[in-house]
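Peer 1: Just the structure for this:
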Amino acid sequence: MSSPPRSSDPRLTVAAAEPLSANALEDRLDEILDPVLSTRRTATRLAEAVAPLPREHQDFVLHWVAVIARTNPEMAYQFAAAAPQALARLDLASAEAWIIEAMDTYDRDGLYRGSAVFKNVGEFARLSRGTAAAVSFEDVAQVLQLFICGLSGRRLRLDTAARPHTDTETLFLPPSIALLPRREENFFIYKAMATLLWAQGRFGTFNVDLDAACAGYSDPERALDLLNTLETVRLEACIARALPGLAREMQKLHAGQLPDSRCAVLATPAATISDSVALLAQVYADMAPVHYSYTPVLQPERAAAVRKARLAKEKSEFQSALAQLLEEKDNSAVPPQPAERFSIQASGLPAGNGNASHELMLDGKPVAPPENVSQLMDSILQDLGEIPDDYLVAAGDGGYRQNRRDEHDPADVWKGVYHEEGAFFYNEWDCKRRHYRKNWCVLRELGVLPGNADFVDATLAKYAPQVAQLKRTFELLRGEDKLLKKQPNGDDIDLDAVIAAYADMKSGMELSDRLLTKRHKSERDLAVMLMVDMSGSTKGWINDAEREAVIMLCEALEVLGDRYAIYGFSGITRKRCEIFRIKRFDEPYDTAVKSRIAGIQPQDYTRMGAAIRHLTTLLNQIEARTKLLITLSDGKPDDYSDHYRGEYGIEDTRQALIEAHRAGVKPFCITIDREARDYLPHLYGPVNWTLVDEVARLPLKVADIYRRLAT
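Peer 2: Residues are numbered from 1 along each chain as shown. Next up, the predicted model:
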């Protein structure tokens, strides 16, 4: 990350080196923080604390106070209050990472927890001291994600937080670590920390109410800290049985010694979280908590909320899956079934160690469940240690059909136990922070209601001559042969090769045998994603033109045989970004797809960044040498509220396009916005967009541009 911009005017060089006075700082802070100041909370004290800093640090503080205030003035005030202490302990690069972590926490968890990061600068400084050996989360996230995916248990996400912890579905790791003198050592701390957080979920740390377990002690916070020490002993023993090599490396960081001899009972295979809670009562009076370099913290409240929502959701899904198994076995609709039809047979080690083998039984006989049912069983066992009898009652008549058919309203994405079901989370680029807002946009894939198929027939009749011409053009494109020169065998003489060979022969060199040409039919290896703007501004004739363009392109692509998909996009605010499935890559261009094209209708706004990131992800799941992302839009990025309109939205879209380009995708935009020259060159580059002034020409223009891009 770069430092805040400074003036390049040589006349200001001397003045810029002089620190600002407290009065000058107070005037600037008053102006920025006015919404949160009062008679008892003034900028005077802030200015007095910042005044002794060097001018470079003062500029840094003022720059970030202004940036943060655009998001939340109270967060800006908390930063200004904490900045002098932070800059005494952190260099500017580390201080910027601290700010970004606080703002990420604010985005994710709200004002209270975001402010806590600013107030707890000491913890951040402890993990981030030093720069040469420092390792950032961005440096290791991809490797750690692959490592965590290779471990048993439910799939986990990674994210950053000032204090490492887990909510049982996401592992929160520090934004940077510089505790040891070498980068590889700091990377291993990341790995050990992630492993211990995985073990907390895998081996049942949150299978009891930890807050209640510590509530009866004189200092509940100290009790929770000490319980964390005991759990670390138990979990390291579990890791040693599952990953012995990694466990040995982890133990080297603390010489492999137990913090107290009484903890030996926790290293036995049968030990569970209940044993740690019981031991806490014995050691609370005379044992101090022990913190290793990779020890995370426990946040029971967050873990309990996520766990509760997951249990309700997975119980419903599991019962629906059992109902489906019954229907497939009985080959009939599901009648009400007694619970005795299903049972669980356990064998192997106790469930508390996460290694027990559990077999699903139907009518007393083992049944091989589908992969998704096995994953559900494993997740339930992690949370409960068993599968209770009430889970083994199949959903009633039609229950599982209803669960599979219903699609929750995207407006309710944050409500209820299904708030992440079917949702994708994407980062968004904040040009003011010069950093991503992590998991900021919630996106859902939705279906398109079928429209009147007569629209397709009417379009083909309206453009019959043009469609015929396009098909002939694409037929020729498909049949083009490539002339290969300097071949050992072929259909004709390569005159250039013969002349060169004759010259070689006259100079005494050996005569080449590559003197012929032959024609070779090129194999096309291309995948195209057509991204159709379905925002509210496309109402009327623009919507008709878009649908006509898509129909004509599909007709031409069917001749060419290239793989293609069509998705629409719209949404309103970051919590409701929507992608509309019109045609997937694996779907044929049939009556159903034609009806969906006819059913393309204007929706809400044009939040493009999340849509581009999602469609780039889908496109990169296809193996192809050339990948195209063609956007068909009527205007610039736009959304309701939350500052997306204007520079923010344009810069986020540009960043998403840069990400697509880095991923090997070629983006192109076709627009009918007459103001496009003001912003599209900045988004797509000078040659990767085109303006269609006459809407009637749009269908033909789309096909013509595709032909040019694909060759």
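
Peer 1: The stretch 251-400 of the chain: strands as residue ranges?
Peer 2: With strands called from DSSP state E, counting those that start in this stretch, the stretch 251-400 of the chain shows them at 342-347, 357-362, 365-366.

Peer 1: Can you read off the backbone torsions of Cys514?
Peer 2: No, residue 514 isn't Cys; it's Arg. phi -100, psi 80 (degrees, to the nearest 10).

Peer 1: which residue packs closest to it, ignoring adjacent ones?
Peer 2: Lys486 (4.2 Å; CB to CB, 6 or more residues apart in numbering). Heads up, the C-betas are built off the backbone N, CA and C, glycines and all.

Peer 1: does the one you found really touch Ala501, like I thought?
Peer 2: No: using CB atoms under 8 Å, Lys486 is not in contact with Ala501; the gap is 9.6 Å.

Peer 1: which residues are common contacts for those two?
Peer 2: 512, 515 (CB atoms under 8 Å, 6 or more residues apart in numbering).

Peer 1: higher neighbour count, those two?
Peer 2: Ala501 (19 against 16; other CB atoms under 10 Å).

Peer 1: Give me the below-cutoff pLDDT ranges for the stretch 251-400 of the chain.
Peer 2: 329-340, 346-357, 394-400 (pLDDT under 70).

Peer 1: circling back: out of the strands of the stretch 251-400 of the chain, which gets nearest to Pro52?
Peer 2: Evaluated over those, closeness to Pro52 peaks at strand 357-362, with 64.3 Å, by CB to CB.

Peer 1: tell me the centre residue of the protein?
Peer 2: Geometric centre of the chain, nearest residue: Tyr426, 4.4 Å, by CA atoms, centre = their mean.

Peer 1: Reduced to three states, what does that one come out as?
Peer 2: Under the three-state scheme (DSSP: H, G, I helix; E, B strand; the rest coil), Tyr426 adopts strand.

Peer 1: Identify the bridge partners of it.
Peer 2: Assessed by DSSP bridges, Tyr426 has beta-bridge partners Cys441.

Peer 1: Thr631 contacts Val665, doesn't it?
Peer 2: No: the pair Thr631 / Val665 is not scored as a contact, 11.6 Å apart, by CB under 8 Å.

Peer 1: more neighbours, the two?
Peer 2: Legend: neighbour count by other CB under 10 Å for Thr631 and Val665, higher for Thr631 (24 against 20).

Peer 1: List the contacts of the more buried one.
Peer 2: Listed by CB under 8 Å, 6+ apart, the contact set of Thr631 reads 531, 533, 608, 612, 667-670.

Peer 1: Tell me which strands the helix or strand harbouring it pairs with, and in which orientation.
Peer 2: Using DSSP states H and E, Thr631 sits in strand 626-633. Using DSSP bridges, strand 626-633 pairs in its sheet with strand 526-533 (parallel), strand 665-671 (parallel).

Peer 1: immediately after the shortest one, which helix or strand?
Peer 2: Sequence-wise, the next helix or strand beyond strand 665-671 is helix 680-684, with elements assigned using DSSP H and E.

Peer 1: now for the next helix or strand along the chain from that next one, which elements pack on it?
Peer 2: Counting by DSSP H and E, the next helix or strand C-terminal to helix 680-684 is strand 689-691. For strand 689-691, the elements it packs on are strand 665-671, helix 680-684, judged by 3 or more CB pairs under 8 Å, 6 or more residues apart in numbering; DSSP states H and E.

Peer 1: could you redo the last one with a cut-off of 7 Å?
Peer 2: When contacts are defined as 3 or more CB pairs under 7 Å, 6 or more residues apart in numbering; DSSP states H and E, strand 689-691 sits against strand 665-671.

Peer 1: Of the contacts of Thr631, just say which sits nearest to Arg155.
Peer 2: The closest of the contacts of Thr631, once distances to Arg155 are taken by CB to CB, is Ile612, at 24.6 Å.

Peer 1: And for the closest one, the neighbour number?
Peer 2: Quick note: Ile612 (other CB under 10 Å) scores 26 neighbours.

Peer 1: looking at this, it is in a strand?
Peer 2: No: read with three-state DSSP, Ile612 is helix and lies in no strand.

Peer 1: Quickly note the distance from it to Asp492.
Peer 2: In this view, Ile612 and Asp492 are 47 Å apart by CB to CB, to the nearest Å.

Peer 1: Run a quick neighbour tally on the closest residue to Ala102 other than its chain neighbours.
Peer 2: Closest residue to Ala102 apart from its sequence neighbours, by CB to CB, 6+ apart: Val117 at 3.8 Å. Residues lying near Val117 (other CB under 10 Å) number 27.

Peer 1: Ok, Phe668 next?
Peer 2: 20.

Peer 1: My understanding was that it contacts Leu709; is that so?
Peer 2: Yes: taking contacts as CB atoms under 7 Å, Phe668 lies within contact range of Leu709: 6.0 Å.

Peer 1: right, and the helix or strand after the host helix or strand of Gln145?
Peer 2: If you go by DSSP H and E, Gln145 is part of helix 137-149. Per DSSP H and E, helix 137-149 leads on to strand 157-160 as the next helix or strand towards the C-terminus.

Peer 1: So what touches whatever helix or strand comes next after that next one?
Peer 2: Sequence order places strand 165-166 as the next helix or strand after strand 157-160, per DSSP H and E. Residues outside strand 165-166 that contact it (CB atoms under 7 Å, 6 or more residues apart in numbering) are 172, 197, 200-201, 296-299, 303.

Peer 1: Show me what the helix holding Gln145 packs onto, helices and strands only.
Peer 2: Checked by 3+ CB pairs under 7 Å, 6+ apart, helix 137-149 has strand 157-160, helix 183-202 packed alongside it.

Peer 1: Pull up the pairing partners for the first one, direction included.
Peer 2: Sheet pairing of strand 157-160 (DSSP bridges) gives strand 170-173 (parallel).

Peer 1: what lines up beside whichever helix or strand comes after the partner strand in the sheet?
Peer 2: Next helix or strand after strand 170-173 toward the C-terminus (DSSP H and E): strand 176-177. Here strand 176-177 has these sheet partners by DSSP bridges: strand 135-136 (antiparallel).

Peer 1: Show the average pLDDT along the strand it pairs with.
Peer 2: Regarding strand 135-136, the rounded mean pLDDT is 86.

Peer 1: How far away from the center of its chain is it?
Peer 2: In terms of CA atoms, centre = their mean, to the nearest Å, the centre of strand 135-136 is set 19 Å apart from its chain centre.

Peer 1: Same check on stretch 178-190?
Peer 2: When distances are taken as CA atoms, centre = their mean, stretch 178-190 is centred 26 Å away from the chain's centroid.

Peer 1: C-alpha coordinates for that stretch, PDB please?
Peer 2: Output of stretch 178-190 as PDB, limited to C-alpha atoms (Å, rounded to 0.1, in the frame of the first residue of the first chain):
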ATOM      1  CA  ALA A 178       6.200 -10.500  12.500                       C
ATOM      2  CA  LEU A 179       6.900 -12.300  15.800                       C
ATOM      3  CA  LEU A 180      10.000 -14.200  14.700                       C
ATOM      4  CA  PRO A 181      13.100 -13.100  12.800                       C
ATOM      5  CA  ARG A 182      12.500 -15.100   9.600                       C
ATOM      6  CA  ARG A 183       9.600 -15.000   7.100                       C
ATOM      7  CA  GLU A 184       9.200 -18.700   7.000                       C
ATOM      8  CA  GLU A 185       8.900 -18.800  10.800                       C
ATOM      9  CA  ASN A 186       6.200 -16.200  10.700                       C
ATOM     10  CA  PHE A 187       4.400 -18.100   7.900                       C
ATOM     11  CA  PHE A 188       4.500 -21.200  10.200                       C
ATOM     12  CA  ILE A 189       2.800 -19.200  13.000                       C
ATOM     13  CA  TYR A 190       0.000 -18.500  10.500                       C
END
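
Peer 1: Contacts for the helix or strand following the strand holding Thr631, please.
Peer 2: As assigned by DSSP H and E, the chain's next helix or strand after strand 626-633 is helix 647-662. Helix 647-662 is contacted from outside by 428-429, 431, 608-609, 612-613, 616, 629, 636-639, 667, 679, 682-684, using CB under 7 Å, 6+ apart.
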